[in-house]
Structure formats: C-alpha cells, structure tokens
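Asker: 3D model of this:
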Amino acid sequence: EPSAPVKATTKARPAKVMDVAATDRLPRAVNLAWKANPVGEEIEGYTISRADKLEGPFRETGSTRGVNATRYTDQPSVGYDVLDGAVYYYRVAAVNLGQVAGEPSDAVTGKTKLAPAKVAGVTVSKGKVREVALQWKANPEPDIASYAIYRSSTGAAGSFAKVASVNANTYALVDAKLDA
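Answerer: Residues are numbered from 1 along each chain as shown. Presented below is the predicted three-dimensional model:
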C-alpha cells in the first residue's frame, strides 16, 4: 500500500545579481565586478555572459567559484577573442550548489581600448655596412609601454620577425645584426 502523500519544497532560484559594473578602456580586456549574493543562498559561483549587441544573443564567457568571487576579467582565450576598440554587453547570474542559475543581471556595457596609433615619422639610415639606424616620433598616447621593432628581408609584402623591443621613452634603434 502506498504511503501518505508528503509535501516537499525545493530551494528558490538564486536572486538576480545586482550592482554589476564594468571597468573599460583596457587593452583587449574588460574588468567586471558585482555585489555578492546573500550567503544563505548557498551560491556555488557566478556565470558571466557576453554579447555584441544589447539584445543578445548572450554567450557564456566564463565563471567564478564561491559566493564572494565577484570579479572577472574578460580577455582573449582559446577560441574566444576580445578585440581593440570593441563594445561588449555583459550579464552575470548566480549559480547555487544544485547548479541552478538565477535570473541574469541587467546588461552592462564594457568597451576595450583602441589600439595605439601607427608609429609616425620613421626614418632609416642608408649606406651603412650590416647596420640600419631607425628613428621615429613618440606616439601620442600617454600609456605606451614599449615599441616593438620588426624586420623583413623580402620587403613590405614579406614576413616580418621581431628583432627588438625598446621602452616607451626610446625613439631610435640601431639594428646591427644584419647578414651581408
């Protein structure tokens, strides 16, 4: 004979994540932060979704573990890119121990930094034996960290190899590693 009916109630879905903020204008990255959900919700972590348009579609880009893991950096990874000067839209959802996701947060906007301007005023010495002296003008951006110098032995359409990197306050280089 069957037992008497019993009543069971499942836990509610986690609450909507609040106070999501994006720190933007970073090179190929967007930092996100949000308010932790209440501890009583037994939060496993949070999922982060991104879209190219405010209306979506949103695609999961990452996750954090723990109720207080309320920071995430969206940056390039295998099979997934973050471009220079791009605008992205993000939503965050809390996930409980039963792997049930709550309602996603309202979307926030994050924009990556534009790529540095093309180096201008490049001059090259001529007539030296196994050496080329390069000079260029400082880039206008205040946050340039370094300049990378590349060389091709087959011309502008050929392949280039990096030969040096110099600090942001250096605007000249002598490439003396040339073959005859």
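Asker: could I get the full set of strands for the chain?
Answerer: Taking DSSP state E as the criterion, the chain carries its strands at 21-26, 29-33, 43-51, 59-65, 71-74, 87-96, 108-111, 123-124, 132-135, 146-151, 161-167, 172-175.
Asker: so which of the ones you listed comes closest to P14?
Answerer: Among the strands of the chain, the nearest to P14 by Cβ to Cβ is strand 87-96 (3.7 Å). From N, CA and C alone the C-beta is placed, and that goes for glycine too.
Asker: what's the angle from that closest one to strand 59-65?
Answerer: For strand 87-96 against strand 59-65, the angle by axes from the mean of the first three to the mean of the last three Cα atoms, to 10 degrees is 50 degrees.
Asker: show me what strand 87-96 is packed against.
Answerer: If contacts are counted by 3 or more Cβ pairs under 8 Å, 6 or more residues apart in numbering; DSSP states H and E, strand 87-96 sits against strand 29-33, strand 43-51, strand 71-74, strand 108-111.
Asker: what's the closest of those to V95?
Answerer: For V95, the closest of the helices and strands packed on strand 87-96 is strand 43-51, at 5.0 Å, according to Cβ to Cβ.
Asker: quick one: contacts of that closest one?
Answerer: 14, 17, 32, 34, 36-37, 57-67, 69-70, 72, 74, 88-97, 99, 101, 104, 107 (Cβ atoms under 8 Å, 6 or more residues apart in numbering).
Asker: same check, this time on stretch 84-92
Answerer: 17, 20, 22, 27-28, 30, 32, 34, 46-54, 56, 58, 72, 74, 82, 104-115.
Asker: cutoff 6 Å now
Answerer: The contact list for stretch 84-92, computed with Cβ atoms under 6 Å, 6 or more residues apart in numbering, reads 17, 20, 32, 34, 46, 48-51, 54, 58, 104-105, 107-112, 114-115.
Asker: also stretch 140-154?
Answerer: Residues contacting stretch 140-154 (Cβ under 6 Å, 6+ apart): P116, G158, F160, K162, V163, A164, S165, V166, N167, A168, L173.
Asker: what's around the third one, how many residues?
Answerer: The burial metric for F160, expressed as a neighbour count using other Cβ atoms under 10 Å, is 12.
Asker: what's around N169, how many residues?
Answerer: A total of 9 residues lie near N169 under the criterion other Cβ under 10 Å.
Asker: try the one 4 residues further on
Answerer: Neighbouring residues of L173 were enumerated by other Cβ under 10 Å; the total is 17.
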